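K.L.:
the amino acid sequence is not available; the structure is as follows:
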């Protein structure tokens, strides 16, 4: 909630953060281009845990039309989503 | 901090005032007087966690929890209305776009009364079996299907109904008076008898999509529902804390006052054990719900599993605790309408809704395997 200028977040930093979360949750190594939901890696509560993590970690809200599977299918897709949602304040 | 405490205390006082001593009478009548849901809605008590920027009371999850437990200790039917409308408001915040949030949240926070519809005759726990269809075409959306056990539908002016939409799921905010909507009251539910359960038939109901269609961007049904149910599970969990508070208070009073074999019931060890277990259940369920609410207020992903755990724990303990309280009060509570008799019937339903105990256990087993493998 700080109004100070946040450091610019790089795609690499986003991918590293999300990869760490996904690997911790699934206890497996997950590459940035793996289909998280087609791989049988994740439980039925995981999708929402992932959404909440992304929102809290990067200070964004994922609502309405942005809340769709394609935005969360891979770690790469999540990084793109976060960069887009933070677009105004990079 | 004082403003925060006042904000919560004011909501608690208003709920006390609206319910008064009338919950027994409403239970026996099987309905709330029309003015009751209206008053609750107008005071913004049905979804008091709507942020202040949308005209809501802006309660945190922890504050909402205490308010919900208070309502649950007085009347589970009223608490059920709060759970239903709370889920609708949360669905608008999560699934709605900016325009829909700006349009609906102020209404939900200041007078509108909403119900939420998931279950169908052939789709309870198995959401993949849902057959309600939502078709968007041009600027219109059309929804058809039958929803059962829709809590609060009898009092609602809007029903948020979920259905299949393209490859995923969506929800439509349907005005109760729209052409094609039929709401049929369920007369004799086992518990929460005044909560206005109804069957809702939607027969090719057409509405402007921009205002009424939530989601529909290809989100899997399970994602949509898990998000909304997380809110509902916390609400039910806190409501069960309220049931336990009502039961432990009634059991302690009765066991202290009634004499058998020359001494108070509480001095008989087998009765005392019931009091101890009830007290423990209330304490433990409160801690579980406090933890889940803290996770939610902190934006922690842990909230998802914590809400399942809190709901399952609180509901099963409330059902067991209410049965124990009936045992302690015996014939004094063996009358419909009595706070403990209501708790006994209401708590049983809490083991069924917002994820049955068995579905909760499956989710918790998955969580355990992720955590401990």
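P.N.:
Sure, I can see it. Computed from a predicted structure; not experimentally measured.

K.L.:
is chain A contacted by stretch B:298-318?
P.N.:
Yes. Using CB under 8 Å from any CB of the partner chain, we find that stretch B:298-318 touches chain A at B:298, B:299, B:300, B:301, B:302, B:303, B:304, B:305, B:308. For glycine as for every other residue, the C-beta is placed from the backbone atoms N, C-alpha and C.

K.L.:
could you flag which of those are buried?
P.N.:
B:300, B:301, B:302, B:303, B:304, B:305, B:308 (16 or more other CB atoms under 10 Å in any protein chain shown).

K.L.:
the first one touches residue A:49, doesn't it?
P.N.:
No. Between residue B:300 and residue A:49 no contact is recorded; they are 9.2 Å apart, counting by CB atoms under 8 Å.

K.L.:
so where's chain B shaky on pLDDT?
P.N.:
Counting by pLDDT under 70, chain B contains low-confidence ranges at B:1-4.

K.L.:
quick one: name the residues of it near chain A.
P.N.:
So chain B meets chain A at B:93-98, B:100-101, B:168, B:215, B:217-220, B:222-223, B:226-227, B:230, B:298-305, B:308, B:363, B:366-367, B:370, B:373 (CB under 8 Å from any CB).

K.L.:
mind listing which of those residues are in helices?
P.N.:
B:93-95, B:98, B:100-101, B:222-223, B:226-227, B:230, B:303-305, B:308, B:363, B:366-367, B:370 (DSSP state H).

K.L.:
buried residues in stretch B:106-114?
P.N.:
Neighbour counts over stretch B:106-114 (16+ other CB under 10 Å) mark B:106, B:107, B:108, B:109, B:110, B:112, B:113, B:114 as buried.

K.L.:
for the residues you listed, which two are the farthest from each other?
P.N.:
Farthest-apart pair in those is B:106 and B:113; separation 14.3 Å (CB to CB).

K.L.:
can you give me the strands in the stretch 1-150 of chain B?
P.N.:
Using DSSP state E, counting those that start in this stretch, the strands of the stretch 1-150 of chain B run over B:114-117, B:133-137, B:140-150.

K.L.:
pipe the ones you listed into a markdown table and attach distance to residue B:175 per row.
P.N.:
What follows is the strands of the stretch 1-150 of chain B, written out as a markdown table (distance: least, CB to CB, whole Å):
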| stretch | distance to residue B:175 |
| --- | --- |
| strand B:114-117 | 10 |
| strand B:133-137 | 16 |
| strand B:140-150 | 12 |
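
K.L.:
of those, which stretch is the most buried?
P.N.:
Comparing those by mean neighbour count (mean count of other CB atoms under 10 Å in any protein chain shown), strand B:114-117 comes out on top with a mean of 29.

K.L.:
contacts for it, please.
P.N.:
B:46, B:84-85, B:87-89, B:91, B:108, B:147, B:150-153, B:155-162, B:173, B:196, B:198, B:200, B:228, B:232 (CB atoms under 8 Å, 6 or more residues apart in numbering or on different chains).

K.L.:
ok, residue B:247 to chain A distance?
P.N.:
Using CB to the nearest CB, to the nearest Å, residue B:247 is found at 30 Å from chain A.

K.L.:
how about residue B:82?
P.N.:
22 Å.

K.L.:
tell me the contacts of residue B:255?
P.N.:
B:264, B:265, B:266, B:271, B:272, B:274, B:275, B:328.

K.L.:
show only the entries of those residues found in helices.
P.N.:
Of the contacts of residue B:255, the ones assigned to helices by DSSP H are B:271, B:272, B:274, B:275, B:328.

K.L.:
closest to residue B:205 among the residues you listed?
P.N.:
Relative to residue B:205, the closest of these is residue B:328; by CB to CB it sits at 49.3 Å.

K.L.:
how deep is the closest one tucked in, by neighbour count?
P.N.:
25 (other CB atoms under 10 Å in any protein chain shown).

K.L.:
near chain B, which residues of chain A?
P.N.:
Within chain A, the residues that sit near chain B (CB under 8 Å from any CB) are A:21, A:25-27, A:37, A:43-45, A:47-53, A:55-56, A:63-70.
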